[in-house]
Structure formats: C-alpha cells, structure tokens
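Asker: 3D model of this:
(4 chains)
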There are 4 protein chains.
Amino acid sequence: MDQIISRIRAFRDERDWKQFHDPKNLATSIAIEAAELLEEFQWLTGDESMRHAVENREAVSDEIADVAIYLIELADVLEIDLRVAILSKLEKNAVKYPVEKSRGKSTKYTKL
Amino acid sequence: MDQIISRIRAFRDERDWKQFHDPKNLATSIAIEAAELLEEFQWLTGDESMRHAVENREAVSDEIADVAIYLIELADVLEIDLRVAILSKLEKNAVKYPVEKSRGKSTKYTKL
Amino acid sequence: MDQIISRIRAFRDERDWKQFHDPKNLATSIAIEAAELLEEFQWLTGDESMRHAVENREAVSDEIADVAIYLIELADVLEIDLRVAILSKLEKNAVKYPVEKSRGKSTKYTKL
Amino acid sequence: MDQIISRIRAFRDERDWKQFHDPKNLATSIAIEAAELLEEFQWLTGDESMRHAVENREAVSDEIADVAIYLIELADVLEIDLRVAILSKLEKNAVKYPVEKSRGKSTKYTKL
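Answerer: Residues are numbered from 1 along each chain as shown, chains lettered A, B, ... in the order given. Below you'll find the model as predicted:
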C-alpha cells in the first residue's frame, strides 16, 4: 500500500497537479470514474454483467483502478489510513445490519 | 489487504448477501456511495472542502470507506488483484499524460 | 415550462443562492440527486424496480423532480432552451443508432 | 412536452428497446449521463465552468439533453407528470428551506 501511495503521489507531483486535487475535485473525479465503471454494465442483467466482466477483464480492471487511484489519493491528502477507515466502517455496518435481521434480504439495506 | 478482503467476505456471507452482489449491483453501489462522498462537499469551494473534511473527519472517512468496501469486493468477485490493477493503470496513465505536455494544466486532462 | 422556470428562479433568488449555482455546482448536484434516485432501486432486479416504483410513487417522483429541478436550472443559467436541446440530441442519436442496426440489441449501445 | 415524450417513445420503440428500459436501468443511465455532464467541468473552478460552458455550448447542451431524455422517459414509464412532480417538490423544498433561515447560506443545504 505504501508503494502504491508513493507511485500515486509521484505521478501527480511530476505533473504539478496537486493544485487541482483538493478534496472536492477528488470526490468529483471518484464519482465520474465510478459512473464509467458502471457504464461497463449499462443495460445488462446481473448475470450478463458477470459474463461481460470476464470477457472484458482489462477494461473493467482499468475502470476499477481509476476509482481506486483517486480514492487512495483522497485518503492520502486527508491523512486518513484507508485500512483503518475500512475496518472501522465494517464494525459500524455490523451494528447497523444485525445478522439475524438482515440475512438474505436485499430490502433490509438502507442508506449506508 | 488479505485481512480486509476476509472481513468483507465474512460480513457479506454471514448475511447471505452474495446473491445480490453481482458486478452490476456492486458497480451501482460504488456509484451511489461515491455520490454520498461527493455530497459532503456539495456547494463548497475547493478550499472550503479541505476545511470541511478536517472538521468532519469521521463522516468523510466513513464515506471513503463505503466506496472502498464495495470496490474491494468487486475486485475480489472478479478475482482481480487490486494492487496489480492500480500499478498497471498508473503505467497506462503515464503514457497517456506525458509529463512535459501535462505539467500544471488541468485542461490537458481528458477522459481516463 | 416557463412557469416552472420562474418558480425555480424565484425559489433560488428568495434564498440568495445564485452565488452558489455556477454550472459546476449545478452539475455536481444533478449527479448527487441522480444517485439518490438510483438508490431507490439499489439491489433490485429490473422487474422489482417497477414494483418498487409503483409502491413508492411519491418518493420516486420526488427524486425524479430533484434531478429535473437542477437540470432545468442549469439549462436556464446557460440560456439553453431545453426543448430545443432535447430535439437536437434525439436527431443526433437517430444517426448514431440506425434502426436497422440497433433493433433489439442492448449491446449496440455505446457511450452517448 | 407532449411532442417530446412522443419523440422519445418513437425513438425507443423503433429500436425495440423498451425491454431494456425498466426503472432501474433508466435510473442507472440517468446517473451515467449526469456524470458525463459533470465531467465537462472536472477540475475547473466555478468561474471557469461558466466560461467552459459558453465556449463548449453544444457539447454541454448535448450532455444536458442526454440526462433529460432518460429522465423524461422514466417519468413517462411510471406515468408521472413531470410538471406536477416538480411543482410539488418545489413546495416541499420551500417548507424544508425557510427563506429566513436559508438566505445566503450554502451550509444550510442538507440532503434533499
């Protein structure tokens, strides 16, 4: 992870792009890249989306990476340890969605 | 990273939610969570967004984590190594945005 | 349409919110509201999404309206006639997706 | 408006695309197109976004139209009168954001 953060920082700083990478612009870019990832599966059913991902592995992998790069950079800019943030949020989600009440129900999902 | 993937899998499987987590639904959830992250900075300027993130560190951290959790799960479902995907995409981006042509120009950005 | 534009302007100007409503912020808000609309159907199948919309008509209607309000305001700010813009784009789409090549194929869709 | 709805229906039905246009897929497409609209303004400041929109009027107009077309179709599929939906939501927003408490404050915005 440290190596990836170093590479992302180097890529940005070689281009002098830090001036554009405030939290709002990074969050905007995460949303834009997330929509491009979703576009891979536009109009497909769930089953078709799995088949599409297998047949277009590199394109899907690249779109996932684009979201990840901006997300890691945003966490880095805010000095948030992504690993800690994820484990902490998983614990909150476990409280929010008790196993016995959530099992097998998509309708139990509410806004995270 | 392996520990985080294990936790995400366990969280999902205890609730029997894998049936809903096809690639399209996961990409949809990534986009929804990305918009919630962006909403933290709605109407703010870039400078204000940094101040807001500092003052609302836990909320912003949680929104970042929500995107990350679904993104890691999508990569896991597709058996994509997120680390490899990121490093590979950074190399492609370096070709797409040569340092000498991109330096200091936000307008040089085009669709990743 | 003129009446709706007047109401949207009045709502904004009574609150002195025009200062925040530049094109980028309006586009950001459109994307945020679009994700809230999508969230109504998160994890559902296509068939379930129709049932959900019928049973939650007011909530879905409100989310559609939220997107529409910001979209109409953005067009208004840019002095774009939304009616003309839509008819013009439909003509372009008709050229891009010829009937004989597109009929019945979701896979023919590419980025609009 | 009736003319526009007729054109959108004709465009879809000539291509036999209604089978793909359930509410979830239409909401997904609205979110994807909203992100493409937002991408027009990626990395720009608010002031720059106005200048960009003026200089790229046709591209921005087309992206606005793409969102509008799917939004109008979704309302049509659900037999929701978009005009009524908008006026009804504006009334709710007026209650939610009282003029005296909201004037000039972007921070008063909360989730619509």
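Asker: Who are the packing partners of the worst-scoring helix or strand of chain A on mean pLDDT?
Answerer: Sorting the helices and strands of chain A by mean pLDDT, DSSP states H and E puts helix A:99-102 at the bottom, at a mean of 92. Packing contacts for helix A:99-102, counted by 3 or more C-beta pairs under 8 Å, 6 or more residues apart in numbering or on different chains; DSSP states H and E, involve no helix or strand. Heads up, the C-betas are built off the backbone N, CA and C, glycines and all.
Asker: Return the set of buried residues in it.
Answerer: Within helix A:99-102, the residues that qualify as buried are A:Ser102, counting by 16 or more other C-beta atoms under 10 Å in any protein chain shown.
Asker: Any chance you could give me that helix in CSV, C-alpha atoms only?
Answerer: Coordinates of each C-alpha in helix A:99-102 appear next as CSV, following Å, rounded to 0.1, in the frame of the first residue of the first chain:
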residue,chain,number,x,y,z
VAL,A,99,-27.0,-10.8,11.0
GLU,A,100,-30.3,-12.2,12.3
LYS,A,101,-32.4,-9.3,10.8
SER,A,102,-30.5,-8.9,7.5
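Asker: quick one: it to chain centroid distance?
Answerer: Chain-centre distance of helix A:99-102: 26 Å, with C-alpha atoms, centre = their mean, to the nearest Å.
Asker: Kindly list the longest helix within chain A.
Answerer: Of all the segments of type helix in chain A, defined by DSSP state H, the longest one is helix A:57-77.
Asker: how far away is A:Asn93 from A:Ala31?
Answerer: 21 Å (C-beta to C-beta, to the nearest Å).
Asker: higher neighbour count, the two?
Answerer: Just comparing A:Asn93 and A:Ala31: by other C-beta atoms under 10 Å in any protein chain shown the higher neighbour count belongs to A:Ala31, 32 against 18.
Asker: Please tell me I have it right and that one contacts B:Leu38.
Answerer: Yes. Assessed by C-beta atoms under 8 Å, A:Ala31 is found in contact with B:Leu38 at 4.9 Å.
Asker: Common neighbours of the two, please.
Answerer: C:Ala31 (C-beta atoms under 8 Å, 6 or more residues apart in numbering or on different chains).
Asker: So the residue lying farthest from the centre of chain A versus C:Gln42, what's the distance?
Answerer: Residue farthest from the centre of chain A, counting by C-alpha atoms, centre = their mean, is A:Glu100 at 28.0 Å. Distance of A:Glu100 to C:Gln42, given as C-beta to C-beta: 22 Å.
Asker: do the same with A:Phe20
Answerer: For A:Phe20, the distance to C:Gln42 - C-beta to C-beta - is 31 Å.
Asker: What number of residues are in the vicinity of A:Glu39?
Answerer: Neighbours around A:Glu39, by other C-beta under 10 Å: 22.
Asker: sorry, that was for A:Val95
Answerer: A:Val95 - counted by other C-beta under 10 Å - has 7 other residues nearby.
Asker: element containing it, please.
Answerer: In the assignment (DSSP states H and E), A:Val95 maps to helix A:82-96.
Asker: Do that helix and chain C come into contact?
Answerer: No. Using C-beta under 8 Å from any C-beta of the partner chain, helix A:82-96 never reaches chain C; the gap is at least 14.9 Å.
Asker: do that helix and chain B meet at all?
Answerer: Yes. Using C-beta under 8 Å from any C-beta, helix A:82-96 comes into contact with chain B via A:82-83, A:85-90, A:92-94.
Asker: tell me the domain boundaries of chain A?
Answerer: For chain A, automatic domain parsing gives the domain ranges A:2-80, A:81-112.
Asker: For A:Leu37, list the residues it contacts.
Answerer: A:60, A:63-64, A:66-67, B:27, B:30-31.
Asker: list the contacts for the residue nearest to A:His52 when sequence neighbours are not counted?
Answerer: Among residues not flanking A:His52 along the chain, A:Leu44 sits closest, at 5.9 Å (C-beta to C-beta, 6 or more residues apart in numbering or on different chains). A:Leu44 makes contact with A:52, B:24, C:106, according to C-beta under 8 Å, 6+ apart.
Asker: Can you lay out these as TSV showing distance to B:Arg12 and neighbour count?
Answerer: Formatted as TSV, those follow (distance: C-beta to C-beta, whole Å; neighbours: other C-beta atoms under 10 Å in any protein chain shown):
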residue	distance to B:Arg12	neighbour count
A:His52	22	18
B:Lys24	16	26
C:Ser106	28	16
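Asker: what number of residues lie near A:His21?
Answerer: If we define neighbours as other C-beta under 10 Å, then A:His21 has 19 of them.
Asker: A:Asp66 too?
Answerer: The burial count for A:Asp66: 24, using other C-beta under 10 Å.
Asker: Please apply the same query to A:Glu58.
Answerer: Neighbour number of A:Glu58 under other C-beta under 10 Å is 12.
Asker: Kindly provide the distance from it to A:Leu78.
Answerer: 31 Å.
Asker: now do A:Leu26
Answerer: Relative to A:Leu78, and taking C-beta to C-beta, A:Leu26 is found at 9 Å.
Asker: Same check on A:Asp2?
Answerer: For A:Asp2, the distance to A:Leu78 - C-beta to C-beta - is 17 Å.
Asker: who's more crowded, these two?
Answerer: Neighbour count, other C-beta under 10 Å: between A:Asp2 and A:Leu78, A:Leu78 has more, with 17 against 6.
Asker: Help me confirm that the more buried one comes into contact with B:Arg51.
Answerer: No. Using C-beta under 8 Å as the test, A:Leu78 is too far from B:Arg51 to be in contact (11.5 Å).
Asker: Point out where chain A drops to low pLDDT.
Answerer: A:107-112 (pLDDT under 70).
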